[in-house]
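Student: Test case, fold it:
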Amino acid sequence: MLAVHTLKANKSNKKPNKRVGRGNSSGKGTYSARGLKGQKSRSGGKSGLQTRSIKAYLLRIPKNRGFKSLQNKPEVVNLSDLENKFEAGNKVNARALLKAGLISTIANGVKVLSNGTLTKKLLVEANAFSETAKEKIEKAGGQATVVGQKAKDILKEEANKQKDA
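Tutor: Predicted coordinates for the structure are as follows:
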């Protein structure tokens, strides 16, 4: 009768153990395939031996390729999004974008990119603009104003230019 307790492993599935140390005529006598002297030739030698090389340590640890920048990246908004979500004459700032669901946080600032077209006159306030986005907003009759930390940097640069001139 076939049951779980009567099952046996297939005989062809078992590989016999290598019998070492059974005399020289066996082919694995005298040093029993361990070589001559040294820690690995003695009993308990292989398990206690550890390589202290840095290479072995480096090979063991996982490698995550590339790198992750620690600098916060601004939320990105395209002109096509502004065209769809806002009416002509509206003031578009970070809070309005957050309310409209176009960005998830205002902590890192907002950058407006020029993907899409803009036909409405909008007053857009953001931390950064791409050059073509600024041109498209002004071409539609709107206004692109830089606010926040970037605005301070721009004002400093303009002041430095005036000093040099």
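Student: going forward, measure contacts between C-alpha atoms and count neighbours the same way
Tutor: Noted.
Student: Show me the strands in this protein, by range?
Tutor: In the chain, strands defined by DSSP state E lie at 75-78, 91-92, 110-113, 123-126, 128-129, 143-146, listed in chain order.
Student: what's the first one packed up against?
Tutor: Packing partners of strand 75-78 (3 or more Cα pairs under 8 Å, 6 or more residues apart in numbering; DSSP states H and E): strand 110-113.
Student: Describe which strands the strand it packs on pairs with in its sheet and in which direction.
Tutor: Using DSSP bridges, strand 110-113 pairs in its sheet with strand 75-78 (parallel), strand 128-129 (parallel).
Student: Deepest in the core, which of those strands is it.
Tutor: Ranked by mean neighbour count, the strands paired with strand 110-113 are led by strand 128-129 with a mean of 22 (mean count of other Cα atoms under 10 Å).
Student: End to end on stretch 113-124, go ahead and measure it.
Tutor: One end of stretch 113-124 sits 12 Å from the other (Cα to Cα, to the nearest Å).
Student: ok, and what's touching that stretch?
Tutor: 76-80, 82-83, 87-93, 129-130, 132-134, 136-137, 140-145 (Cα atoms under 8 Å, 6 or more residues apart in numbering).
Student: Out of the strands of the chain, flag the one nearest Met1.
Tutor: Distance to Met1, taken as Cα to Cα, is lowest for strand 75-78 among these, at 70.7 Å.
Student: Measure how far the closest one is from the centre of its chain, please.
Tutor: Offset of strand 75-78 from its chain centre (Cα atoms, centre = their mean, to the nearest Å): 20 Å.
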